[in-house]
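Please find the sequence and the predicted model below.
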Amino acid sequence: MRVRTLSVLSAAILVLGYAVHAATAASEESEKVPPVEFTKAFMSDQANLDTGKEVWVEQCRHCHGKSAYPGKAPKLKPRKYTADFVYDRVSNGFRKMPGWAEVYSEHELMSVTAWIMSKQFSP
């Protein structure tokens, strides 16, 4: 009788654990931010470009600008990039470059991406 009670209790704990795990996973899934969308309107909005330029001047140009110490970071070649590529690198970093997602807002990260991809941009 005691073995049967333990088996039933073990099964109940497993079921409860699975239910909690499934509920947590569903909650985390619903909290995910949808991927950013670089529309033509966003990319050409002068306010966004101005914000992006501010972020560039404040943070990026020290390593990527034309006056940066040679070899510190690669010179940017925006014509070879997509906006999604630039946004990913700025947000998450790459190799020695840190990600800036915890420092800048999503709007600032999108704006610096728009600035780098704009015709006005010059490293």
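Arrived safely, thanks for sending.

Could you list the domains of this structure?
1-32, 40-117 (automatic domain parsing).

Pick out the shakiest of the ones you listed, pLDDT-wise.
Across those, domain 1-32 has the smallest mean pLDDT, namely a mean of 46.

right, and Arg89 touches Lys96 too?
No. Using Cβ atoms under 8 Å, Arg89 is not in contact with Lys96; the gap is 11.9 Å. Glycine gets a C-beta too; all of them are placed from N, C-alpha and C.

neighbour-wise, which of these two wins?
Shown here are Arg89 and Lys96; by other Cβ atoms under 10 Å, Arg89 has more neighbours (18 against 8).

Just to be sure, the more buried one is in a strand?
No. Arg89 is assigned helix when assessed by DSSP: H, G, I helix; E, B strand; the rest coil, not a strand.

how near is the closest residue to it other than its chain neighbours to Lys72?
Sequence neighbours aside, Met97 is the residue nearest to Arg89 in space, at 7.0 Å (criterion: Cβ to Cβ, 6 or more residues apart in numbering). Between Met97 and Lys72 the computed distance is 10 Å (Cβ to Cβ, to the nearest Å).

Return every residue with contacts to both of these two.
Cys63 (Cβ atoms under 8 Å, 6 or more residues apart in numbering).

quick one, which of these two is more surrounded?
Per other Cβ under 10 Å, whichever of Met97 and Lys72 has more neighbours is Met97, with 15 against 11.
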